[in-house]
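Undergrad: Just to be clear, the model below is a prediction. Sequence and coordinates:
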Amino acid sequence: MATTTRASSSLLLLNNNHRNKTNHFIFSLNSKKPSLFHSFPLLSSQNSLSLISLSLSSSPSTSPSTTTAPRVSTAPLEYAPPAPDSNNFHQEISRLKALRLKLSTCKTLKEKLKALDSDSKVNHFLNTRCFERVLGSLSLGLNEVFLVKCLVAAGQHHVLDMGFGFGEREGDGVKSSVKTALYALVEMIEKLDVTNRGSGGREGFVKSQNGSVLVDEESEDLKKLLKLLGEVEEFYDCIGGIIGYQIMVLELLARSSHETQTHQSQHVHESMKCQFLEIHSPTGCDLSQNTEYASQAALWGIEGLPDLGEIYPLGGSADRLGLVDPDTGECLPAAMLPYCGRTLLEGLIRDLQAREFLYFKLYGKQCITPVAIMTSSAKNNQEHITSLCDRLGWFGRGRSSFQLFEQPLVPTVSEEDGQWLVRKPFVPVCKPGGHGVIWKLAYDKGIFQWFYDHGRKGATVRQVSNVVAATDVTLLALAGIGLHHGKKLGFASCKRNTGATEGINVLIEKKNLDGKWAYGLSCIEYTEFDKFGITSGPPSPNSFQAEFPANTNILYVDLPSAELVGSTRSERSLPGIVLNTKKSIVYTDYFGNWHSVPGGRLECTMQNIADNFLNTYSSRCYKDVEDKLDTFIVYNERRRVTSSAKKKRKDANVSLHQTPDGSLLDIMRNAYDLLSQCDIDLPEVESNDKYVDSGPPFLIFLHPALGPLWEVTRQKFHGGSISKGSELQVDVAEFLWRNVQLEGSMIIAAENIMGSTRNDENGEPILQYGHRCGRCKLHNVKVLNDGIDWSSGENVYWKHDVRRFEALKVILHGNSEFEASNVTIQGNHVFEVPDGYRLKITSGDPGLAIQLDPIPQNLMDTGSWFWKYNINGSHILLELVQL
């Protein structure tokens, strides 16, 4: 390991001077923390004892209590064969593969235990560490014993008793200098026949109050370890469980160790099982250029909404965001990031509901899309997401329209030797195993069947940190093409940012070992660029790397095709397995010491499921092959496809890439692109470096249900201006803007943005689209106020948390309407319209003329006006209907 840790350790040697008495030794290391082995019984008061103390750090030793049995701890003093170094991975891999093969032939658990006992590491560990007695004293079931022995066989016994020498390596100073003495003492302890002296425990051990040789804290840690090992063994059963996990780790480490470019190319061919491999830049359809096809594809997507599900991989730990609960100090997952006035997860559901509202307006039918969310236990991810959904009433969709399934955590390993990193005994450092586990996990947890039960054929997949994925036609066109043409997988892509740490989409061409040619679209992660001869640094504009588009992890997937992959009992169900050691593993041990260790964990990449969907041909295809493939790709402007809020902006860093600050600017650019085509005059958003030390030129937040297709939104806005420094927030779907001039802040907020809720047969509130919506019409209106205090240091623009001098606020309660025409509204105003009323504002003499009337009963459900949506060819035309 790259770091060492101070250990508060002491050695207590108690010798009996009487020749005929049994000698007793008390060996205590890290006496303030738990270890695997519990204490020996207290010595008789008749014994004459001498005390020798060795101090291994500046920390004072704790003297043994006269009423409490001293602790016996073991240390990883290389009593077992050392872990393989970077040049000796292959020997360890061969041993583990032989063991995996032997285990695979066993039919019963007892046969598997027997096979493990014959392994050299397990045998050595059990015979030299008194471990068999300890194992027996813990009252473990056969399956739990199996898991522990798998851990030992994988060379990770330090997880059980690493108390002394945390992160120890040869040459660690004082600790190494006393190794020989410690070895001798441990061996002497092992040879002693220490009696129980009435403690009620097994020979040589004192039981705690819970009946175990471990104290309560240790028992809980052991339970959690066994749960973790069980999950790893179960989930990675397709590659051999715990043993297979370690084999894969070592193979990837060995593959990356000091290999030349030639060797890397050879390994690529071997890993992809081919004679020849080339990667090309895919062509695909550019939605920003072929607008007619984009409109048609988006309509296919809307029409096919009842056949679609939604999948959110939210299990990542999102360490780069550094998100912390301001009240409790608890680390939070990315889904809980407060962004533009709501959490990121709320933003995903809001985008989805906007598409469902569009479906309702076109076809007059209610459509509730089933949503599958992959969570994890990292940062209490599952708990936070469930709590948020509960608090928000499952977004008016019903609990049954959601399915949460938790991905297992996996152990992290040191790049140096493949050893699992450990915080304290029984507690390895773990992280989620990458979003690529989603396909196998979805099969294991019955998610595919759940989608089929809801009548779904395909699904769209997006990540929570990408805040622009549903902009305009991107997501709908992707799904529409996939459904309409019966594709198995589709990518939404865009131009790659030069030097960005993001993967690329490629067209793979390879000649298989059987002589057939295979083609398909796939992804290469940035961590794997070296294997394909792609430079990881900033390329020149005309370089090989710059030709490839960005992988954005926005996918369309055919559910039966994905299920077929997830159900395979092989490595295929874990696509794109990588071990990314480019970033150090940072953790704190139980002494409070901070570690940063080069390492990683086994990760899978969900988009590489595409590697299972290659089409094969008897001869090489030189052109027009993409249209025939089961995989496809569409392009759009980058800011309409991907802009992520995935890492916290550092104060001294001028780059806003992948930060909440940078993604906000892309949202503002999209607002400019949208409204400037509506004959609305507003300032253009310049490059990011112009706003490093200041806010954006304006803040415009438009609810996606205004569209979400820009073609729809643009028919609701026309004419006027939005001056620099202004703020516009429109949270209402039934909205009309005609010749409005805004200088300051205007906020339109409806309770019933897209409809109102009714309780279903189970008593759950379900949003009824189009029923009793709030409505707002503005015609020939000038809004003048001092708006946002742009000089305030408390403003956090990407949270939409700003200080205002003045604002015009219109709050629509329930089924209410607001209308302003031919009027100037100057200064600070708040208009709250009660449920069932219409508020109309015109010019008065002087000031404003305000008229509040109840909505007629016969218009209560539909409102006094609404937008009627009509399909005209491949386009949607709106008609304003006055009642």
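TA: Cool, got the structure.
Undergrad: What pLDDT does the model give the residue most central in space within the chain?
TA: The geometric centre of the chain, computed from its C-alpha atoms, lies nearest to G316 (Cα atoms, centre = their mean), at 2.3 Å. At G316, the predicted lDDT confidence score is 73.
Undergrad: Please apply the same query to S543.
TA: According to the predicted model, the pLDDT of S543 comes to 57.
Undergrad: Then N759?
TA: According to the model, N759 scores 91 on pLDDT.
Undergrad: mind checking how far it is from D679?
TA: Shown here: N759 relative to D679, a distance of 44 Å by Cβ to Cβ, to the nearest Å. (Glycine included, C-beta is placed from N, CA and C.)
Undergrad: Which of those two has more residues huddled nearby?
TA: When N759 is set against D679 and neighbours are counted by other Cβ atoms under 10 Å, the residue ahead is D679, at 13 against 9.
Undergrad: hang on, that one packs against H718?
TA: Yes: with contacts counted by Cβ atoms under 8 Å, D679 reaches H718, the gap being 5.9 Å.
Undergrad: wait, V732 sits on R775?
TA: Yes: with the criterion set as Cβ under 8 Å, V732 and R775 qualify as a contacting pair; they are 6.9 Å apart.
Undergrad: intersection of neighbour lists for the two?
TA: Taking Cβ atoms under 8 Å, 6 or more residues apart in numbering as the contact criterion, the residues that touch both V732 and R775 are 750, 812.
Undergrad: low pLDDT regions in this structure?
TA: In the prediction, the chain carries residues with pLDDT under 70 at positions 1-87, 128-134, 161-215, 257-273, 317, 499, 535-546, 652-653.
Undergrad: 80 - rerun?
TA: Along the chain, the model assigns pLDDT under 80 to residues 1-88, 126-138, 161-216, 256-276, 315-320, 498-501, 533-546, 622, 650-654, 693.
Undergrad: For the stretch 551-700 of the chain, which segments are assigned as strands?
TA: If DSSP state E, counting those that start in this stretch is used as the criterion, the strands of the stretch 551-700 of the chain fall at 578-579, 584-588, 594-600, 602-603, 615-617, 631-635, 699-702.
Undergrad: Looking at those, spot the one closest to S726.
TA: Among these, strand 699-702 comes nearest to S726, with 7.7 Å by Cβ to Cβ.
Undergrad: Contacts for that closest one, please.
TA: Residues from elsewhere that reach strand 699-702 (Cβ under 8 Å, 6+ apart): 340-341, 667-668, 671, 674-675, 682, 713, 722, 726-731, 788, 797, 800, 802.
Undergrad: Give me the buried subset of the residues you listed.
TA: Buried members of the contacts of strand 699-702, counted by 16 or more other Cβ atoms under 10 Å: 340, 667-668, 671, 674-675, 682, 713, 722, 726-731, 788, 797, 800, 802.
Undergrad: Restricted to helices, list those.
TA: Applying DSSP state H to these, the entries found in helices are 667-668, 671, 674-675, 713.
Undergrad: now for those, which pair is the farthest apart?
TA: Distance extremes for these: the farthest pair is M668 and T713 at 15.5 Å, using Cβ to Cβ.
Undergrad: tell me the SS of V881?
TA: Using DSSP: H, G, I helix; E, B strand; the rest coil as the criterion, the local structure at V881 reads strand.
Undergrad: I'd say it and Y869 touch.
TA: No: judged on Cβ under 8 Å, V881 makes no contact with Y869 at a distance of 10.7 Å.
Undergrad: More neighbours: these two, which one.
TA: Looking at V881 and Y869 with other Cβ under 10 Å, you find the greater number of neighbours at Y869, namely 18 against 12.
Undergrad: burial measure for the closest residue to the more buried one other than its chain neighbours, as a count.
TA: Leaving aside its chain neighbours, Y869 sits nearest to K361 (4.1 Å; criterion: Cβ to Cβ, 6 or more residues apart in numbering). The tally of other residues near K361 (other Cβ under 10 Å) stands at 23.
Undergrad: Surely K361 is within a helix?
TA: Yes: the secondary structure assignment for K361 places it in a helix, going by three-state DSSP.
Undergrad: OK, contacts around it?
TA: Here K361 is in contact with 769-770, 867, 869 (criterion: Cβ under 8 Å, 6+ apart).
Undergrad: State the distance from the residue nearest to V654 when sequence neighbours are not counted to K724.
TA: In space, V654 comes closest to V692 once its chain neighbours are excluded; the distance is 5.1 Å by Cβ to Cβ, 6+ apart. Counting by Cβ to Cβ, the gap from V692 to K724 is 18 Å.
Undergrad: May I see the buried residues of stretch 766-777?
TA: Neighbour-count burial for stretch 766-777, with 16+ other Cβ under 10 Å as criterion, is recorded at 766-777.
Undergrad: Can you give me the end-to-end span of it?
TA: This stretch, stretch 766-777, spans 27 Å end to end (Cα to Cα, to the nearest Å).
Undergrad: can you check stretch 595-610 too?
TA: One end of stretch 595-610 sits 37 Å from the other (Cα to Cα).
Undergrad: Give the buried residues for it.
TA: Within stretch 595-610, the residues that count as buried by 16+ other Cβ under 10 Å are 595, 597, 599-610.
Undergrad: separation between the closest residue in space to W439 that isn't next to it in sequence and K440?
TA: Once flanking residues are discounted, W439 sits nearest to G566: 3.8 Å by Cβ to Cβ, 6+ apart. In this structure, G566 lies at 5 Å from K440, with Cβ to Cβ as the measure.
Undergrad: what does M336 give?
TA: From M336 over to K440 the distance is 27 Å, taken as Cβ to Cβ.
Undergrad: And D390, by the same measure?
TA: 28 Å.
Undergrad: So for those two, which residue has more residues nearby?
TA: When D390 is set against K440 and neighbours are counted by other Cβ under 10 Å, the residue ahead is K440, at 24 against 10.
Undergrad: isn't there a strand covering the residue nearest to the centre of the chain?
TA: No: judged by three-state DSSP, G316 forms no part of a strand; its state is coil.
Undergrad: got the contact list for it?
TA: Contacts here follow Cβ under 8 Å, 6+ apart; on that basis G316 touches 333-334, 376, 378, 432, 435.
Undergrad: Going by distance to L812, which of the residues you listed wins?
TA: Sorting the contacts of G316 by how near they are to L812, with Cβ to Cβ, puts A334 at the top with 31.7 Å.
Undergrad: quick one: contacts of stretch 334-351?
TA: Contact with stretch 334-351 is made by 312, 314, 316, 318, 321, 323, 371, 381, 384-385, 388, 392, 395, 397, 462, 464-465, 467, 469-470, 475, 645-646, 660, 664, 667, 701, 703-704, 708, 798-801, as judged by Cβ under 8 Å, 6+ apart.
Undergrad: Which ones among the residues you listed map onto helices?
TA: Secondary structure of the contacts of stretch 334-351 is defined by DSSP H; positions in helices are 381, 384-385, 388, 475, 660, 664, 667.
Undergrad: L404: which of those is nearest?
TA: Proximity to L404 was ranked across the ones in helices among the contacts of stretch 334-351 by Cβ to Cβ; first place goes to I385, at 6.7 Å.
Undergrad: name the element the nearest residue to V427 once chain neighbours are set aside belongs to?
TA: Sequence neighbours aside, D221 is the residue nearest to V427 in space, at 5.5 Å (criterion: Cβ to Cβ, 6+ apart). In this structure, D221 sits in helix 216-235 according to DSSP states H and E.
Undergrad: Now do the buried residues in that helix.
TA: Buried-residue list, helix 216-235, by 16+ other Cβ under 10 Å: 218-219, 221-222, 225-226, 228-233, 235.
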